[in-house]
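*Asks:* Give me a 3D structure for the following:
(chains A and B)
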Amino acid sequence: MDWGNVFSQAITQGIGIQAVIFALAAIGLNVQFGYTGLLNFGQSGFLAVAAYGLGVSIAMMGWSLWVGLLVGIAAAVVLALLLGAPTLRLRADYLAIVTIAAAEILRLVFRSVTFNPVFGGSDGINRFADDFYALNPFNAGVKIGPVDFSENDMWIVTIGWILVVVMSVLVFLMMRSPWGRVIKAIREDEDAVRSLGKSVYAYKLQALTIGGVMGCFGGFVAAIALQSVQPDYYGTDLTFFAYAVLILGGAARVLGPIVGSVVFWFGLVLIDSALSNAVSSGAITFIQSTQVGQIRYWILGISLMLLMIYRPQGILGDKKELSLDAR
Amino acid sequence: MPDDLKHLVDALQTVPQEAGVPKPDPILVADGVRRHFGGLTAVDVDHVEIQRGTITALIGPNGAGKTTFFNLLTGFDKPNEGQWTFEGRQLAGVRPHKVAQYGMVRTFQLTKALSRLTVMENMRLGAQDQRGEKLFALIFPFLWREARRTRSPSRRCELLASFNLDQKRDDMAGSLSGGQRKLLEMARALMVGRRWSCSTSRWRA
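*Replies:* Numbers count the residues shown, from 1 in each chain, chains lettered A, B, ... in the order given. Modelled structure (predicted):
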């Protein structure tokens, strides 16, 4: 078995494109769920509207990359207001129901035959990010120790991690401010905050929008890195992986989404490549190479369950703080 | 009793002791407030006036509708009919946070301490008109730092001291005992308004 190759792949993916996408999605969820207590089960919808906003603007409308980014952000803001305005006055469950349904509706609209000329059906939109790669300052692939990126990957990963750092600094500043104090108080008990003269509804709408816009950058990174926007990438599992990442790292911690995403993708790829390596070298004979893809999710699921049982606060969380939740 | 408060009690000396009687200087006047849950009438108040500057208690057996009446007055629930004014301002249909901003602040029967915030953060949350709570000011600390520094901390500290919580100021509110949480909730409510606070609680023998 080639352990060097196994770890090389795992480390490369652990800091690679998927890790960046899910870190960004989880940072948005952290603002919504971790700090404000909003159950947004439609984070994939925010990534989808951003990615499609970008793709349609460039490929169909022929606008520039920058206009495409603005269209994507605007789409995420509109989506947040549409989802939040009718539901945030109601009990918390309604937001969860509406967001998960809306994300699925969006996915089905994007892949529908009716809108094929605009959204490209189930094939999506492809090859629209050449403008972005034209700006690439790296003219050769980068290989440092076990990490191995092509020049294009290196460029999008660099931009992606810069975005992750910028968003995390923003979250840190926001949550340190009096605004963040109100936000955290709403998570604890929104009636109490209402009784202290704060418009809880406005704060929740702001948090939903900010989290959606932060998450939508994950959609940009995904669209540009893969040079394609495909509807089925933005299914419910994207949302639930993002939740797994957030809870793994530790909710309501600024660095939680980053640590969670790196550990999640490192672990997933480690299991995957270790298993397929073991199968192909004959060390494991009772499974076939085609079954590895399913089995890695079993192992991942079991690990997440064990994590919830033995460390429910996540990697960075504080167990004492979690136990205060019981009122 | 301090002498400067004596006039408040004296003012009530001449008031006859019967339900719905007019008070000499009412801060709150409610008329015809009714709330039905299906066929059940939970609250049916013809007329009530609350005197300014005093502590007024509303008593009754379990299920009499005391808490529902508080919910109605503070905007947390909507009555089927009725009007009430607080300091002459119509409050029917006003949203709860606005009611609090106008100076009528409630606490809750089941104490709502904000567990994972410190005692001091709980108190800070009570203060009104904080620039740093605005979304667009939040990433520019220089806009709100100044305001926070000039805002006198003495009121917070005074209140905490008078409620015997000043030793606990940096503890998480969730780590306080039940009684201390109730005290914190009262102190926090007093940070909001200086005019009137109404609290609903069940006393155990």
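
*Asks:* Check the gap between the spatially closest residue to residue A:274 that is not a sequence neighbour and residue A:147 for me.
*Replies:* Nearest non-adjacent residue to residue A:274, counting by CB to CB, 6 or more residues apart in numbering or on different chains: residue A:6, 5.0 Å away. C-beta here means a position set from N, CA and C on the backbone, and glycine is covered the same way. Counting by CB to CB, to the nearest Å, the separation of residue A:6 from residue A:147 is 14 Å.

*Asks:* and those two? which has more neighbours close in?
*Replies:* Using other CB atoms under 10 Å in any protein chain shown as the criterion, residue A:6 and residue A:147 rank with residue A:6 on top: 21 against 15.

*Asks:* which residues touch that one?
*Replies:* A:270, A:273, A:274, A:277 (CB atoms under 8 Å, 6 or more residues apart in numbering or on different chains).

*Asks:* contacting residues for the first one?
*Replies:* Contacts here follow CB under 8 Å, 6+ apart; on that basis residue A:270 touches A:6, A:7, A:10.

*Asks:* Could you say which helix or strand holds the first one?
*Replies:* With elements taken from DSSP states H and E, the one containing residue A:6 is helix A:3-14.

*Asks:* Could you pull up the mean pLDDT of the following helix or strand past that helix?
*Replies:* Using DSSP H and E, the helix or strand that follows helix A:3-14 in sequence is helix A:17-29. Averaging pLDDT along helix A:17-29 gives 96.

*Asks:* what's helix A:17-29 packed up against?
*Replies:* helix A:43-55, helix A:151-176, helix A:200-226, helix A:236-249, helix A:256-280 (3 or more CB pairs under 8 Å, 6 or more residues apart in numbering or on different chains; DSSP states H and E).

*Asks:* Including mean pLDDT, could these go into CSV?
*Replies:* Below are the helices and strands packed on helix A:17-29 laid out as CSV (pLDDT from 0 to 100):
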stretch, mean pLDDT
helix A:43-55, 95
helix A:151-176, 93
helix A:200-226, 95
helix A:236-249, 93
helix A:256-280, 91
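
*Asks:* for the lengthiest helix in chain B, which positions count as buried?
*Replies:* For chain B, the longest helix by residue count, based on DSSP state H, is helix B:178-192. Residues B:180-192 are the ones in helix B:178-192 that count as buried (16 or more other CB atoms under 10 Å in any protein chain shown).

*Asks:* Contact partners for the closest residue to residue B:155 other than its chain neighbours?
*Replies:* Spatial nearest neighbour of residue B:155, excluding adjacent residues (CB to CB, 6+ apart): residue B:191 at 7.1 Å. The contact partners of residue B:191, by CB under 8 Å, 6+ apart, come to A:196, B:123, B:124, B:125, B:126, B:127, B:155, B:156, B:159.

*Asks:* which of those lies closest to residue A:248?
*Replies:* Set against residue A:248, the nearest of the contacts of residue B:191 by CB to CB is residue B:125 (30.5 Å).

*Asks:* Show the contacting residues for the closest one.
*Replies:* A:181, A:182, A:185, A:193, A:196, A:198, B:114, B:117, B:188, B:191.

*Asks:* before we move on, which element is it in?
*Replies:* Assigned by DSSP H and E, residue B:125 falls in helix B:119-126.

*Asks:* Just want the angle from that helix to helix B:178-192.
*Replies:* 30 degrees (axes from the mean of the first three to the mean of the last three CA atoms, to 10 degrees).

*Asks:* how far is helix B:119-126 from where the chain is centred?
*Replies:* Chain-centre distance of helix B:119-126: 15 Å, with CA atoms, centre = their mean, to the nearest Å.

*Asks:* what does stretch A:293-304 give?
*Replies:* So, by CA atoms, centre = their mean, the centroid of stretch A:293-304 is 19 Å from its chain's centroid.

*Asks:* And that stretch, what's buried?
*Replies:* In stretch A:293-304, counting by 16+ other CB under 10 Å, buried: A:296, A:299, A:300.

*Asks:* Which member of those residues is positioned nearest chain B?
*Replies:* residue A:300 (29.4 Å; CB to the nearest CB).

*Asks:* Now do the phi/psi pair for that closest one.
*Replies:* The phi/psi pair for residue A:300 (degrees, to the nearest 10) reads phi -60, psi -40.

*Asks:* Pull the number of nearby residues for the nearest residue to it once chain neighbours are set aside.
*Replies:* Leaving aside its chain neighbours, residue A:300 sits nearest to residue A:268 (5.8 Å; criterion: CB to CB, 6+ apart). For residue A:268, the count of nearby residues is 20 (other CB under 10 Å).

*Asks:* separation between residue A:268 and residue A:201?
*Replies:* 39 Å.

*Asks:* With residue A:306 instead?
*Replies:* Counting by CB to CB, the gap from residue A:306 to residue A:201 is 39 Å.
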